[in-house]
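> attaching a predicted model along with its sequence, questions to come.
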Amino acid sequence: MTERSLVIIKPDGFARGNTGEVLRRIETKGYTLVAMKILTATREMLAAHYAEHEGKPFYEPLVEFMSSGPVAAVVIEGDGCIKGFRSLAGATNPTEAAPGSIRGDLARDWGEKVQKNVVHGSDSPESAAREIGIWFPEL
Ligand code: DAT
Ligand code: MG
């Protein structure tokens, strides 16, 4: 079924100039770019986006990190793209992410309280709809 996913090139990836590389992998895979913007997220947006993680030890460092600089937010489209992008992204922990995946190739552990892993990708159709509403209310 054709679906959409929210992808974010996080502040670490954006600052290191990885946006083009991530977009290249998405396009090479065959997914379509539907909308894209560069912005610095507010704490309010991130509180909504990461509501499921509130109270966890990495929550505050995560919100701090995600609001620390510009990100590229992208809506992608294609059959199975939610699961497909999660596969392109690789495991959450960049040390465990397989070589060949975005996180496996472009990210590493820096010994901080939050794992900086270059990209976000929605994890279900429900999350995708909710997250696209936060980042692209105009869609
Ligand atoms: P994902 O981004 O793979 O969906 P998640 O939703 O569980 O992972 O967590 C959101 C982000 O928070 C994740 O990309 C990196 C950070 N994070 C998750 N678990 C962590 C942990 N145990 N320690 C440090 N940072 C963590
Ligand atoms: Mg997640």
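Now that the structure is in, tell me what you want to look at. Ligands and ions are numbered 1, 2, ... in the order given.
> going forward, measure contacts and count neighbours with C-alpha atoms only.
Will do.
> may I ask which helix or strand encompasses the spatially most central residue of the chain?
The chain has H120 as the residue nearest its centroid, 1.5 Å off, counting by CA atoms, centre = their mean. Taking DSSP states H and E as the criterion, the element that holds H120 is strand 119-121.
> what lies in contact with that strand?
5-10, 13, 82, 85-86, 89, 102-103 (CA atoms under 8 Å, 6 or more residues apart in numbering).
> quick one, grab the pLDDT at the residue nearest to the centre of the chain.
The confidence metric pLDDT takes the value 99 at H120.
> most neighbours out of the contacts of strand 119-121, which is it?
Using other CA atoms under 10 Å as the neighbour criterion, S5 leads the contacts of strand 119-121 with 30 neighbours.
> tell me the contacts of that residue?
75-77, 81-82, 121-122, 125, 128-129, 132 are the contacts of S5 under CA under 8 Å, 6+ apart.
> now do the SS call for it.
Three-state assignment for S5 (DSSP: H, G, I helix; E, B strand; the rest coil): strand.
> quick one: it from ligand 1, how far?
12 Å (CA to the nearest ligand atom, to the nearest Å).
> got the residues of this structure near ligand 1?
The interface of the chain toward ligand 1, taken as CA under 6 Å from any ligand atom, is made up of 58, 62, 92, 113-115, 120.
> in helices, which of those appear?
Restricting the residues of the chain next to ligand 1 to those inside helices, with DSSP state H as the criterion, leaves L62.
> re the thing from before, and the contacts of S5, which are buried?
By the neighbour-count criterion of 16 or more other CA atoms under 10 Å, those include these buried positions: 75-77, 81-82, 121-122, 125, 128, 132.
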